[in-house]
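Undergrad: When you get a sec, could you give me coordinates for this:
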Amino acid sequence: MLTNQARLIIVGIFFLMLVFFVQQHVYELAGVAFMFCMLLIWGYFKEGPIVVAAKSFHNKEYDKAEQLLLSIKKPEWLNKKRRGFYEFMLGGISLQRQDYDAAERHYEVAVQYPLRSINDHVAALAHVANISIRQHNYDKAEAYIGLAEKHHENITAKMKTVIERLQTELKKHKTK
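TA: Sure thing, here's the model as predicted:
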């Protein structure tokens with residue numbers, strides 16, 4: 001729940017505490033300070049500011065969320081759950097900006113990782129299918145709708161309605 005800058009500032013404070021405790025020969029506290037430094041550095045690479053970005057994303061502050069997400073230098077180092085949500089949020093931001101190619105790319109990556117829920121997973125599949133229909137790539141849309149249908153029993157009624165609309169839209173275009 002920290003931004004990368006806040007995390008680095010706190011690491012600096014703990015490092016200074018570590019140096020002080022070593023100079024004072026209080027090795028137990030130096031060990032604790034070192035442990036907190038390592039924990040924060042691990043979080044910097046594996047967790048990132050995903051939680052803070054998610055809060056901004058849900059508040060529709062897309063610029064702030066994107067800035068936080070782009071502050072992650074190596075997204076491939078994020079743990080699997082964070083990486084999926086990272087890509088899902090970037091897909092949503094790209095969709096809001098009507099950058100459909102980037103949105104499609106991010107949602108395709110997001111479905112390869114575990115997301116918060118089955119609904120989020122199906123939503124990412126539905127977004128890729130919808131973008132594919134709009135770009136006249138009907139085979140790809142059909143494949144993604146098929147993947148979404150595999151989760152039919154576990155999704156909400158709203159998501160079932162979205163999939164049905166996509167199927168109807170796909171049938172219209174395929175009969176032309």
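
Undergrad: CA atoms only for stretch 14-27, dumped as CSV, please.
TA: This file holds the C-alpha atoms of stretch 14-27, laid out as CSV (Å, rounded to 0.1, in the frame of the first residue of the first chain):
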residue,chain,number,x,y,z
PHE,A,14,15.6,1.9,8.2
PHE,A,15,19.1,1.8,6.6
LEU,A,16,20.1,4.9,8.7
MET,A,17,18.7,3.1,11.8
LEU,A,18,20.7,0.0,10.8
VAL,A,19,23.9,2.0,10.6
PHE,A,20,23.1,3.7,14.0
PHE,A,21,22.4,0.4,15.7
VAL,A,22,25.5,-1.2,14.4
GLN,A,23,27.6,1.8,15.7
GLN,A,24,25.9,1.4,19.1
HIS,A,25,26.5,-2.3,19.1
VAL,A,26,22.8,-3.1,19.4
TYR,A,27,22.8,-5.9,17.0
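
Undergrad: What about the residue nearest to Phe45 when sequence neighbours are not counted, how many residues nearby?
TA: Spatial nearest neighbour of Phe45, excluding adjacent residues (Cβ to Cβ, 6 or more residues apart in numbering): Trp77 at 4.9 Å. For glycine as for every other residue, the C-beta is placed from the backbone atoms N, C-alpha and C. By the measure other Cβ atoms under 10 Å, the count of residues near Trp77 is 13.

Undergrad: how about the helices in this structure?
TA: Ranges of helices within the chain are 4-23, 27-46, 50-58, 62-70, 80-96, 100-110, 118-134, 138-149, 157-175, based on DSSP state H.

Undergrad: Take the ones you listed and write them to JSON lines, including mean pLDDT and mean neighbour count.
TA: Converted to JSON lines, the helices of the chain look like this (pLDDT from 0 to 100; neighbours: other Cβ atoms under 10 Å):
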{"stretch": "helix 4-23", "mean pLDDT": "95", "mean neighbour count": "15"}
{"stretch": "helix 27-46", "mean pLDDT": "96", "mean neighbour count": "15"}
{"stretch": "helix 50-58", "mean pLDDT": "94", "mean neighbour count": "19"}
{"stretch": "helix 62-70", "mean pLDDT": "95", "mean neighbour count": "17"}
{"stretch": "helix 80-96", "mean pLDDT": "94", "mean neighbour count": "21"}
{"stretch": "helix 100-110", "mean pLDDT": "95", "mean neighbour count": "20"}
{"stretch": "helix 118-134", "mean pLDDT": "93", "mean neighbour count": "22"}
{"stretch": "helix 138-149", "mean pLDDT": "92", "mean neighbour count": "18"}
{"stretch": "helix 157-175", "mean pLDDT": "89", "mean neighbour count": "14"}
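
Undergrad: Cool, thanks, signing off.
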